[in-house]
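S.K.: Next comes the sequence, and after it the predicted model I'd like to discuss.
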Amino acid sequence: MKLLIALVATIALNCLPVWAAVAEPQPEACDVPASMLESEIDLGRATNELKDKHRLDISVLGSGSSSLPGPDGAHFAYPARLEEALKQQLPGNEIKVTAHVLPKQTTANMLGTLDKILADDHPSLVIWQAGTADAINAVETEDFRASLEEGVEKIQGAGADVILVNMQYSPRTAAMLDVSAYADVMRHVAQQRNALLFDRLAIMQYWNDIGTFDLYAATKKYDMARRVHECIGRALASQIINAAHLDAVRMQTTR
């Protein structure tokens, strides 16, 4: 059993390819259905920071799938691509996305870092990617729920909005690692705690199913991770702009 868990962990945490230095990301035809980005949750704190200060401070808290290896990996990972997408769509505003990557850390482990991140970054929005390490380590779903709820409460108590990002989709690991129970917990916690959910799992599966990306073959294509992260960053930017009602802010700054 331990050998199986170790094998799944190795595949899951490396299901996107090793990064090699390549050219700047180019636009990718990876649209996401509007229904996957819509939400009744408003990112009110992010809205106010843009309107009052013409800036947006975002902290990303994630595990290994929030990063890419190599000397240029941070530049091509989705937090940096999110920052670039927001800068392009919200000209005249200062956008800062600070990534805190904690490889192989469970949600409970991440809780210990939250106070310092919130104190250092003073974000108006925290994007929290969770669930993969919990599934790999077979953390009880109720324990996972409790840790997630505690973290969301702590973030909101510090005056920041929350976007929960669930695990990435990989057809290579789907048969060996069932993440559906953890994804369900994240959806429920988001609904109950007035947080936004970025359904990375469903979005990546959609891209795989319609042929945008061949995620089964991803480990053999060294540019696949860069392209997927670029698309994730742009989709996250769209969700943030929609949920924070920033179209009006964008119009005001471009006049």
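M.R.: Thanks, I have it. Numbering: from 1, shown residues only.

S.K.: Look up how far Asp121 lies from Asp52.
M.R.: Using C-beta to C-beta, to the nearest Å, Asp52 is found at 18 Å from Asp121. (Each C-beta comes from the backbone N, C-alpha and C, glycine too.)

S.K.: quick one: which of the two has more around it?
M.R.: The neighbour count for Asp52 versus Asp121, taken as other C-beta atoms under 10 Å, is higher for Asp121 (20 against 8).

S.K.: low pLDDT regions in the protein?
M.R.: Counting by pLDDT under 70, the chain has low-confidence residues at 1-28, 218-222, 248-255.

S.K.: one more time with 50
M.R.: Along the chain, segments meeting pLDDT under 50 span 1-27, 251, 254-255.

S.K.: center of it - which residue?
M.R.: Taking C-alpha atoms, centre = their mean, the centroid of the chain lies closest to Val165, which sits 4.4 Å from it.

S.K.: so what's that residue closest to, chain neighbours aside?
M.R.: Counting by C-beta to C-beta, 6 or more residues apart in numbering, Gln129 is the residue found nearest to Val165 once chain neighbours are left out, at 4.0 Å.

S.K.: Next: Ala99.
M.R.: Nearest residue to Ala99, sequence neighbours excluded (C-beta to C-beta, 6+ apart): Pro79, at 3.9 Å.

S.K.: Check for me that that neighbour belongs to a strand.
M.R.: No. Pro79 is assigned helix when assessed by DSSP: H, G, I helix; E, B strand; the rest coil, not a strand.

S.K.: quick one, phi/psi of Ala99?
M.R.: Torsion angles at Ala99 (phi, psi; degrees, to the nearest 10) stand at phi -100, psi 130.

S.K.: Now for Ala119, how many residues are close by?
M.R.: With other C-beta under 10 Å as criterion, Ala119 counts 9.

S.K.: mind checking how far the helix or strand where it lies is from the chain centre?
M.R.: Element membership of Ala119 [criterion: DSSP states H and E] is helix 107-121. Relative to the centre of its chain, helix 107-121 is centred 16 Å away, using C-alpha atoms, centre = their mean, to the nearest Å.

S.K.: For it, could you pull out the residues that count as buried?
M.R.: Neighbour counts over helix 107-121 (16 or more other C-beta atoms under 10 Å) mark Thr107, Ala108, Met110, Leu114, Ile117, Leu118, Asp121 as buried.

S.K.: After it, which helix or strand is next?
M.R.: As assigned by DSSP H and E, the chain's next helix or strand after helix 107-121 is strand 125-129.

S.K.: Run through the neighbouring helices and strands of that next one.
M.R.: In terms of contacts (3 or more C-beta pairs under 8 Å, 6 or more residues apart in numbering; DSSP states H and E), strand 125-129 is packed against strand 55-62, helix 107-121, helix 141-157, strand 161-165.

S.K.: tell me the angle of that strand relative to helix 107-121?
M.R.: 160 degrees (axes from the mean of the first three to the mean of the last three C-alpha atoms, to 10 degrees).

S.K.: Now Leu236: closest residue in space that isn't a chain neighbour?
M.R.: Leu82 (5.0 Å).
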